[in-house]
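J.: Just the structure for this:
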Amino acid sequence: MLFLGITSFLFFYSASTLAQPLGAPPIEQLVKDLQKKYSSVHGFSANFEHRYSGGLIRISITEKGIVHIEKPGKMRWIYETAEDKVYVSDGRTLYAHFPADRQVIVTPISAETQGSTAGLFLTADGDLSEDFTASYEEPPEAEQSWRIRLTPHSDDTDYEWIILTIDRLSLSITGLSTEDMQGGQSTYIFTDLKENPDLPDSLFQFDIPENADVISNNPLN
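T.: Coordinates of the predicted model:
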């Protein structure tokens, strides 16, 4: 469900359309500070919990796993629940492997397609002041966090909006929510976050198993 719900980190901000939470900085300042923080983080590793609900078939699931991100374009999402699966990108090609189905979906990645896919949200270098409108969202239960809604200016995306949960002190991203065009909502919660770890290149390489059916998914065709 990663790509039903979870793009490059290119944002635009404007004056908040919601009331500014008590004690929060102006949205323009928060986005500026977040951009500075984001530019200093070249990658991270974390445990994640993924909740998905809604969509065309109206399902509700919760899954857990480990994620590794390295900019630009590299990631590995390892789901460790009932349906094991893995998503791997080396910056040029995205592989989605479903062992139970003996299936691998192969998707080319380009500069044109990165910004349209919420699944690549955390993997690209970008500027928070260019592509999204930002506003404060209702605050989470945790008092140590801010939440901001990012609405893309481009119509060429597979999501309606993205909401980031941000630690107030470190400005680390501890949560990410998004809604796709079918009304499905994904929420990712990150724990045990390690920023700028030393990640080997082999982590972002994928060898297609010999017994797997390969499906090509080229969004440019």
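J.: all helices for this protein, in order.
T.: Counting by DSSP state H, one finds helices in the chain at the ranges 2-5, 27-40, 111-114.
J.: show me what contacts Lys37?
T.: Under the criterion of Cβ atoms under 8 Å, 6 or more residues apart in numbering, the contact partners of Lys37 comprise 170-172. Every residue, glycine included, has its C-beta placed from N, CA and C.
J.: could you dump those to TSV with neighbour count and distance to Gln103?
T.: Shown next, in TSV, are the contacts of Lys37 (neighbours: other Cβ atoms under 10 Å; distance: Cβ to Cβ, whole Å):
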residue	neighbour count	distance to Gln103
Ser170	12	39
Leu171	17	39
Ser172	19	34
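J.: Looking at those, which are in strands?
T.: Among these, the subset assigned to strands under DSSP state E is empty.
J.: from these, which single one is nearest Ile69?
T.: For the contacts of Lys37, the minimum distance to Ile69 (Cβ to Cβ) is 12.5 Å, reached by Ser172.
J.: where does the protein dip in pLDDT?
T.: Low-confidence segments of the chain, defined by pLDDT under 70, are located at 1-22, 55-58, 111-121, 124-126, 128-129, 139-142, 156-157, 219-221.
J.: in stretch 32-42, what's buried?
T.: Of the residues in stretch 32-42, those scored as buried under the neighbour-count criterion (16 or more other Cβ atoms under 10 Å) are 34-35, 37-38, 41.
J.: before we move on, what about stretch 76-85?
T.: Of the residues in stretch 76-85, those scored as buried under the neighbour-count criterion (16+ other Cβ under 10 Å) are 76-77, 79, 85.
J.: between those, which is closest to His153?
T.: Sorting those by distance to His153 puts Trp77 at the head of the list, at 27.1 Å, by Cβ to Cβ.
J.: give me every residue that touches that closest one.
T.: Counting by Cβ under 8 Å, 6+ apart, the residues that Trp77 touches are 2, 48, 65-67, 86-88.
J.: is it in a bridge, and if so with what?
T.: Applying DSSP bridges to Trp77 gives these bridge partners: Val67, Tyr87.
J.: For Ile109, give its distance to Val31.
T.: Using Cβ to Cβ, to the nearest Å, we find Ile109 at a distance of 26 Å from Val31.
J.: before we move on, the earlier item: any chance of the buried residues of stretch 76-85 in JSON lines with distance to Phe190 as columns?
T.: Shown next, in JSON lines, are the buried residues of stretch 76-85 (distance: Cβ to Cβ, whole Å):
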{"residue": "Arg76", "distance to Phe190": "14"}
{"residue": "Trp77", "distance to Phe190": "12"}
{"residue": "Tyr79", "distance to Phe190": "15"}
{"residue": "Lys85", "distance to Phe190": "19"}
